[in-house]
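1. Predicted model follows, preceded by the sequence.
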Amino acid sequence: MSTIFTRLSRWLHSQMPTHEQLEANRFTASVARRQELFRFTRRSVPRGVAVGLLVGIFALIPGVQIIGAALLCVPCRGNIPIAAAMTFLSNPATTPLILAASIWVGNMLGFHADLSTFYALYERSAGLGDWSHWLLSDAAPALLIGLFAISTVAASIGYVLASLFWRYWIGRKHVARRMRWHHRTSEVTPSDSTGPDTSA
């Protein structure tokens, strides 16, 4: 279990943009000056996870995802580095799956996008014109509604899991602190003291 959390922590740190990178971006420079949005607290971390999943899945446009997540963290008071890192869960490897699932969900909600056409366009690496023509059909409403539904559900689940993880992590830190304190106190043994000689 600890190995999984360690790997997850390393992945998050590797994906998080630095404070300097956010300040260098003209869209996020003003947001980067707000230090409270970079603190890791029990409230800001789950909010950052939720914002990152919501924007990352719904937007699906690299660059726009990080900017959108950073800006949305302001009213939500979420952690910006966490939110930016979570947007990378939607990447070139996962985007086709997200799009297919979104179309399927949209069709389940009453729309009529042709999922087989989507697979055909993807497999033959269709150009922008073919994709635009497909989106101008019934695919656009199904895709947008599906993306919104999936991103909202993912954000809700991410918020809950992040809250549980935070409690678990803080609990482990408290247990480790108590064990260190107990270990230190157990090593301190009372010095042998002899009272005054009262023998006659």
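-> Looks like it came in fine.
2. Report pLDDT for residue 200.
-> Residue 200 carries a pLDDT value of 43.
3. Over to residue 114?
-> Note on residue 114: pLDDT of 79.
4. Nearest residue to it in space, please, no chain neighbours.
-> residue 139 (7.0 Å; C-beta to C-beta, 6 or more residues apart in numbering). Where C-beta positions appear, they are placed from N, C-alpha and C, glycine not excepted.
5. and that neighbour, what does it touch?
-> Applying C-beta atoms under 8 Å, 6 or more residues apart in numbering, we find residue 139 in contact with 103, 113-114, 117-118.
6. mind checking how far it is from residue 106?
-> Separation of residue 139 from residue 106 (C-beta to C-beta, to the nearest Å): 8 Å.
7. shared neighbours of these two, anything?
-> Overlap of the contact sets of residue 139 and residue 106 (by C-beta under 8 Å, 6+ apart) consists of residue 113.
8. what packs against the host helix or strand of residue 96?
-> Here residue 96, judged by DSSP states H and E, is contained in helix 95-108. Here helix 95-108 touches helix 115-123, helix 140-187, going by 3 or more C-beta pairs under 8 Å, 6 or more residues apart in numbering; DSSP states H and E.
9. now that helix: how far from the chain's centre is it?
-> Computed by C-alpha atoms, centre = their mean, to the nearest Å, the chain-centroid distance of helix 95-108 equals 21 Å.
10. again, but for stretch 37-53
-> Using C-alpha atoms, centre = their mean, the offset of stretch 37-53 from its chain centre is 8 Å.
11. buried ones in that stretch?
-> Of the residues in stretch 37-53, 37-38, 44-53 count as buried by neighbour count, 16 or more other C-beta atoms under 10 Å.
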